[in-house]
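1. Dropping the sequence and predicted coords here.
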Amino acid sequence: MSFQNPVFIPGPTNMPEVLRKAIDMPTIDHRSPLFGKILHPALEGVKQVLKSKTAKVFVFPSTGTGGWETALSNTLSAGDKVLAARNGMFSQRWIDMCQRHGLNVQVVETPWGAGLPADRYEEILTADKAHEIKVVLATHNETATGVRSNIAAVRRALDAAKHPAMLFVDGVSSIGSMDFRMDEWGVDVAVTGSQKGFMLPAGLAIVGFSPKAMAAIETATLPRTFFDVRDMGKGYANNAYPYTPAVGLLNGLKLSTEMLLDEGLENVFARHNRIANGVRAAVGAWGMDLCAQSPDVYSDTVSAIRTPEGFNATSIVNRAADAYGVAFGVGLGEVAGKVFRIGHLGSLTDVMTLSGLATVEMVMADLGLNIKLGSGVAAAQEVYRTTALQTAKAA
């Protein structure tokens, strides 16, 4: 693997040099007012990225998985009922965590490649007359399959059923890269991490709690210590943490949110959509299909690409790493060996993406697939050139 080449895994993502320098800082007193000047702007920046005016933001030294646990342990009690669909590796892992915490999970089995079944959610919630379901889990972007689900539709299902359950959303590979509207969609807990849209190393679990979720904390009885948001909130009030914080990463998060907001969130989302459209054009030119079943669920941050029947897709990832020093993502779970993944999120440009597509073409040719060198690159170039020309005319 080469340090000079960009990575095309779904995370951790490429890191801008300015962010790498921001996390490389001298030691400071993390209980001093100076730390508060890093902490509070970072929290406020995340709140703006979530598009929320009411959320309480908490940042733990952890990963998105720790964010899942924060959501569950602070709001639920053993035996509480949770509704979730299993449509990929990461929805499955959140379900598994619920079960390990002694929660009663009603699982809606959903094909890998499909989005969340909001209509089925509505049926189940409507039938739950006693309101036993306390939380609905939703994976906004299933990183294993390259599927984006409609969170607004899930909220409409809750509202149509007149059900009081809270809505928890895994936005680990969407927040900061694709449109996320915490307040508008009625999300009660939003979970993400530092290593994807925020363009930082792994190490921070980032969660936003709605007022409803904050109220649920008072009656929840699941054990929590490290992930107790009450302790964290008390620390924040004194420019501190209840334990030692990851100061450098928080300094990076402060700058990362500034960069996203300076670019303009809508411009960030448009950039990701444009880059993804180029990747999808390349996949079509190769005569291949995405794991995502239809355009309405295509992800703008990761594409899982199906290879021909009988071909081991993992060999593409291995060959790219060994021969060309470039990293792509392997298939996971039910699609292991059937897909390879191109991550196109975070700090990425059209030009960087073209280099990744060119590498994939060389690898596939090396492995004997019927690929014309340059075909996918040309298809993506047409997308990027057309967009650039339209932008220039509009200016």
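-> Nice, I can see it.
2. Tell me where the chain is predicted with low confidence.
-> Low-confidence segments of the chain (pLDDT under 70): 1, 389, 391-395.
3. Next, the contact list for the spatially most central residue of it, please.
-> With distances taken as CA atoms, centre = their mean, Ser173 lies nearest the centre of the chain, 1.4 Å away. Going by CB atoms under 8 Å, 6 or more residues apart in numbering, Ser173 touches Pro10, Gly11, Asn141, Thr143, Lys196, Gly197, Ser299, Thr301, Val302, Leu345. The C-beta positions use only the backbone N, C-alpha and C, and glycine is treated the same way.
4. at 6 Å instead, please
-> Taking CB atoms under 6 Å, 6 or more residues apart in numbering, we find Ser173 in contact with Pro10, Asn141, Thr143, Lys196, Thr301.
5. again with Arg224
-> Taking CB under 6 Å, 6+ apart, we find Arg224 in contact with Ser73, Asn74.
6. Asn238: neighbour count?
-> Other residues near Asn238 number 9, with proximity taken as other CB atoms under 10 Å.
7. Next, work out how far apart the closest residue to it other than its chain neighbours and Gly235 are.
-> Distance criterion CB to CB, 6 or more residues apart in numbering; nearest residue to Asn238, sequence neighbours excluded, is Arg31 at 7.6 Å. Going from Arg31 to Gly235 by CB to CB, to the nearest Å gives 9 Å.
8. For those two, indicate the residue with more neighbours.
-> The residue with more neighbours, out of Arg31 and Gly235, is Gly235; 18 against 15, by other CB under 10 Å.
9. Could you confirm Leu34 falls within a helix?
-> Yes. Assessed by DSSP: H, G, I helix; E, B strand; the rest coil, Leu34 belongs to a helix.
10. burial measure for it, as a count.
-> Neighbour count of Leu34, defined by other CB under 10 Å: 13.
11. so it makes contact with Ile28?
-> Yes. Contact criterion CB atoms under 6 Å: Leu34 and Ile28 qualify, at 5.4 Å.
12. I'd guess Val108 is in a strand, am I close?
-> Yes. Judged by three-state DSSP, Val108 forms part of a strand.
13. neighbours around Thr126, how many?
-> When neighbours are counted by other CB under 10 Å, Thr126 comes out with 13.
14. nearest to Phe58, of the contacts of Ser173?
-> Ranked by distance to Phe58 (CB to CB), the contacts of Ser173 are led by Lys196 at 18.0 Å.
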